[in-house]
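Chemist: Got a predicted structure here, sequence first:
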Amino acid sequence: MRLEISCQDRLGITQDVLDILVAHEIDLRGIEIDVGGKIFLNFPNIEFADFQHLMPKIRRIDGIDDVKTTPFMPAERERNQLSAILQTLPDPVFSIDTRSQILMCNEAVTSGLELNLTDIKRTELDEWVTGFNFHRWLDADDIRPQSIKVQFIQQDYLADILPIHVPDGEDGTIIAGAVVMLKSEMRLGQQFSAFHQTNTDSFDHFVTHSPAMTKAVREARKIADLDAPILIFGETGTGKEMIAKACHQASRRSEGEFLALNCASLPDSVAETELFGYAAGAFNQPEGKAGLLELAAGGTLLLDEIADMSSQLQAKLLRVMEHGEFRRVGDDKPVSIDVRFICTTCRDLGQLVEEGRFRKELYYRLNVLSLVMPSLKERRPDIVPLAEAFIVQHSSKLGRRPAKLSKSCVEFLQQYPWPGNVRQLQNALFRALSLLDGKEITKEDIQLPSCAPSMTYIDENFEGTLDEEVKKFERDMLRRLYPSYPSTRQLAKKLGLSHTAIANKLREYGINKATVKF
């Protein structure tokens, strides 16, 4: 039970109250005196009969104005309010003592580490946050606030390290510990953007922590403002169209249109009319239609997956690039063009040229400036920042607060081979967020049935024999494919082996419907 006593400022009034408690043999747990003329008492619950006698006696003390029960002591209320504020902060926050041991942390920490507060309390902060010597800082003679780059759960953060001083006598203070607040690069970027709403570089939104992506964006910046055609190579899902659009936005044609034609998704006749348009009277149409070459005048035309363009259309495109003009379907009147071409492909055009499946002259016309978009497995340092960015993007669409990545999820994302590249990562996180009930994404929330997460790459310093590593690779591959080909005959056909050979290997590795998750 807690009492709030309103009283006048009289010498000895607190002692009078305490004397009554002693007389009733009440064990006092706590007392707080407020400068505003209030005394707060905290003692165990007492019987109603004792309470009836206690209250009138306190009220009769000279200088007491009112006595009533209260749910909280002031310190308890303040502590609860601070705890509520701490827990709602989206960024990891630690409170440490003078030995850098953790006294308190918020939910962003516990969910990220996948541990309870009791598992984290009294451990040293250096165990979880690396890159700064907290011991040395706390032992210094002059302790000042610090802002420094650190790592937490294998991710980069900016740490604001703020000392806590408490009064020591009338004039001095002593250090009691510190508060450490972490902010990810993504969060810092969002806050910076909120204050500086200016036009940014068209390449700024690319995540470039990896050397491979840094190189790709650096080269794209250099060739963006040149007016020659660009040929962009890269696996499916690597972001070829995104960097093509960035090149357009960074060019002198940025005020013009950026239009695209997917060469793989349209029949040849449809692709031709989309590209060149048609004259009035063609296809029994009273009015003509402008094609993408006309509509993109002064801008950029993206030819997506150019390797899938038919030979007939390749020949017509070559004439357009050679003469700088074209004719609409069903028309004899030439139309001059002012368009920059950017083409993308996930195939080896040079090999297709050698095989006679792509026109050599067109290949050399298109391959003036080239870019290679790295696969996601070549961009390991970019995976977590990309994931965080997608989480914010998807959470906004879903109308929910951004979730956190747990430690196991971070490790899972970094180890996965990502055959579908950035697009696969984006889709996997959207699915996870759509079905998520809590505030963090764990390894189990990421469902990627097309490729096993156990698939790893052999380190150059691996221990073991070649035969052991080959068997390990074979086992992982069979385990990955088995959910899609649960029939041994289907799996044998997929891998070009006999039914008996596959059955023996599945038996050897213990792969069956009971041991593999579908």
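Modeler: Nice, I can see it.
Chemist: What about Cys7, how many residues nearby?
Modeler: 21 (other C-beta atoms under 10 Å). Heads up, the C-betas are built off the backbone N, CA and C, glycines and all.
Chemist: Tell me who's in contact with it.
Modeler: Applying C-beta atoms under 8 Å, 6 or more residues apart in numbering to Cys7 gives the contacts 13, 37-39, 61, 63-65.
Chemist: which one of the residues you listed is nearest Arg253?
Modeler: Of all those, Arg253 sits closest to Lys38, with 72.3 Å by C-beta to C-beta.
Chemist: thinking again about what came up before, among the contacts of Cys7, which one sits closest to Ile148?
Modeler: Checking these one by one against Ile148 (C-beta to C-beta), the nearest turns out to be Lys38, at 43.3 Å.
Chemist: what's the burial count for that closest one?
Modeler: Neighbour count for Lys38, taken as other C-beta under 10 Å: 16.
Chemist: where does the closest residue to it other than its chain neighbours fall, phi/psi-wise?
Modeler: The shortest distance from Lys38 to any non-neighbouring residue, by C-beta to C-beta, 6 or more residues apart in numbering, is to Ser6 (5.7 Å). With angles defined as degrees, to the nearest 10, Ser6 sits at phi -90, psi 130.
Chemist: per-residue confidence at the nearest residue to Asp227 once chain neighbours are set aside?
Modeler: Among residues not flanking Asp227 along the chain, Arg340 sits closest, at 5.8 Å (C-beta to C-beta, 6+ apart). The model reports Arg340 with a pLDDT of 94.
Chemist: beta partners of Arg340?
Modeler: Per DSSP bridges, residues listed as beta-bridge partners of Arg340: Thr300.
Chemist: thought Leu158 was touching Lys149?
Modeler: Yes - using C-beta atoms under 8 Å, Leu158 is in contact with Lys149, at 6.1 Å.
Chemist: These two: who's more crowded?
Modeler: Of the pair Leu158 and Lys149, Leu158 is the one with more neighbours under other C-beta under 10 Å, namely 16 against 11.
Chemist: And that one, how far from Glu440?
Modeler: Between Leu158 and Glu440 the computed distance is 21 Å (C-beta to C-beta, to the nearest Å).
Chemist: now do Lys494
Modeler: Lys494 sits 37 Å away from Glu440, going by C-beta to C-beta.
Chemist: Which residue ranges make up the domains of this protein?
Modeler: As assigned by automatic domain parsing, the chain contains the domains 2-75, 89-188, 211-372, 376-445, 466-509.
Chemist: What is the end-to-end distance of the longest one?
Modeler: Using C-alpha to C-alpha, to the nearest Å, the end-to-end distance of domain 211-372 comes to 13 Å.
Chemist: so how far is it off the chain centroid?
Modeler: Put simply, domain 211-372 sits 33 Å off its chain's centre (C-alpha atoms, centre = their mean, to the nearest Å).
Chemist: Likewise for the shortest one?
Modeler: Average the C-alpha atoms of domain 466-509, do the same for its chain, and the two points are 35 Å apart (C-alpha atoms, centre = their mean).
Chemist: quick one: average confidence on stretch 226-245?
Modeler: 93.
Chemist: Val353: neighbouring residues, count only.
Modeler: When neighbours are counted by other C-beta under 10 Å, Val353 comes out with 17.
Chemist: Next, the contact list for it, please.
Modeler: 359-360, 363.
Chemist: Can I get the buried ones among the residues you listed as something I can paste into ChimeraX?
Modeler: Listed next is the ChimeraX selection for buried residues among the contacts of Val353, using 16 or more other C-beta atoms under 10 Å:
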select :359,363
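Chemist: just the contacts of Val353 now: which is nearest Ala220?
Modeler: Set against Ala220, the nearest of these by C-beta to C-beta is Tyr363 (20.8 Å).
Chemist: Check which element follows the worst-scoring helix or strand of the chain on mean pLDDT along the chain.
Modeler: The weakest-scoring helix or strand in the chain, judged by mean pLDDT, DSSP states H and E, is helix 185-195 (a mean of 67). Of the helices and strands lying after helix 185-195 in sequence (DSSP states H and E), the nearest is helix 211-224.
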